[in-house]
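> Output the structure for:
(one chain, ligands or ions: 1)
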Amino acid sequence: MSQSHAPHPVVLIGGGGHALVVAEAIGQGAVLVGFYDDAPDARLAGAARVPCLGALREIPAALEPWYMLALGDLALRRRVLPSLAGARSFAITHRTAFVSENAKVGPGVFVGPHAVIHTFAKVGPHAIINTGAIIEHECEIGENAHVAPGAVLGGNVTVGPDTLVGLGSRVNPGVRIGRACVIGAGATVVRDVPDGVTVVGVPARPLSRR
Ligand code: JB2
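Sure, this is the predicted structure:
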């Protein structure tokens, strides 16, 4: 978005805690005009005085402003995405984040404060690279995955779509994590994780199958 033009109107899908974080990272060139959430008094309305434009089911088929998914719940984000098929998403990178010029970051990705996306990493659409997360060289992050605050991925790690890599966890270089997995907070992942599996602990071991 060029700063020489009028700021582009944008909306957030979600108005809770994650939306507060995303709203604060929106830079010049975009202006937040509202959010959609089932709770009209969601925290974005109260704390940041952003208007609620309607419930999630009321998102117009031809949504004009560009949108950013700002719900933290990955399953809910996945359920809402089809209603946004005709709309245009955009990526938000906090001004303190480092994103290598050789990295590829898809539409709708949020990169939080002090996050690092290193050289030749690829981040799929609508992924969250949250506060202080480190995505080392050549990692591949799937669509709608969430690398939570303080998580560290060594080089060449693969994270599947809809997977949560929990707060402060560590993933050894080259490990492959499947789709819809959960890596528990503080876990250290030393071997591959199949689709749908939750792992916890140091070293991380399976807890349950979703
Ligand atoms: O079906 C629903 C639903 N529909 C709308 N389930 C849930 N859990 N929430 C729903 N919502 C709306 O999502 C709620 O009305 C509320 O405004 C918002 C959830 O806000 P909350 O602050 O609870 O969570 P969040 O999704 O914004 O943030 C979570 O994920 C972030 C990544 C939190 O765990 C944060 O701490 C975290 N940083």
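
> Span of stretch 45-64 from start to end?
21 Å (C-alpha to C-alpha, to the nearest Å).

> typo on my end, it should be stretch 142-156
End-to-end for stretch 142-156, by C-alpha to C-alpha: 13 Å.

> Not counting sequence-adjacent ones, nearest residue to the residue nearest the centre of the chain?
Closest to where the C-alpha atoms of the chain average out (C-alpha atoms, centre = their mean) is residue 128, at 1.7 Å. Closest residue to residue 128 apart from its sequence neighbours, by C-beta to C-beta, 6 or more residues apart in numbering: residue 146 at 4.3 Å. Placement of C-beta: from N, CA and C, glycine included.

> so how far is residue 140 from residue 176?
Applying C-beta to C-beta, to the nearest Å, the value for residue 176 to residue 140 is 9 Å.

> what touches both of those two?
Counting by C-beta atoms under 8 Å, 6 or more residues apart in numbering, the residues touching both residue 176 and residue 140 are 157, 158.

> Who has more neighbours out of the two?
The neighbour count for residue 176 versus residue 140, taken as other C-beta atoms under 10 Å, is higher for residue 140 (19 against 16).

> check contacts around the more buried one.
Neighbour list for residue 140: 121, 122, 124, 157, 158, 159 [criterion: C-beta under 8 Å, 6+ apart].

> For those residues, which two are the farthest from each other?
Pairwise distances across the contacts of residue 140 peak at 13.6 Å for 124 and 157 (criterion: C-beta to C-beta).

> Show me which residues of the protein sit near the ligand.
Residues of the chain found near the ligand (C-beta under 6 Å from any ligand atom) are 14-19, 37-39, 42, 56, 71-73, 76.

> Let's see that with 8 Å instead.
Within the chain, the positions lying close to the ligand (C-beta under 8 Å from any ligand atom) are 14-21, 37-39, 42-44, 56, 70-73, 76, 128, 130, 146, 148-149.

> just checking, which of those belong to helices?
The helices, defined by DSSP state H, take in 17, 18, 19, 20, 21, 43, 44, 76 from the residues of the chain next to the ligand.

> Quick one, which of the residues of the chain next to the ligand are buried?
Buried members of the residues of the chain next to the ligand, counted by 16 or more other C-beta atoms under 10 Å: 14-16, 18-21, 37, 42-44, 70-72, 128, 130, 146, 148-149.

> Give the residue spans of the chain that score low on pLDDT.
1-4, 208-210 (pLDDT under 70).

> Domain map for it?
What automatic domain parsing lists as the domains of the chain is 8-84, 92-201.

> first vs last residue of the last one, how far apart are they?
Same thing as domain 92-201. Criterion C-alpha to C-alpha; first-to-last residue distance in domain 92-201 is 32 Å.

> Could you do the first one as well?
Using C-alpha to C-alpha, the end-to-end distance of domain 8-84 comes out at 18 Å.

> How far off centre is that domain?
Its chain's C-alpha centre lies 13 Å from the corresponding centre of domain 8-84 when counted by C-alpha atoms, centre = their mean, to the nearest Å.

> got it, and stretch 72-91?
Going by C-alpha atoms, centre = their mean, where stretch 72-91 is centred and where its chain is centred differ by 11 Å.

> So which of residue 124 and residue 157 has more stuff around it?
residue 157 (25 against 20).
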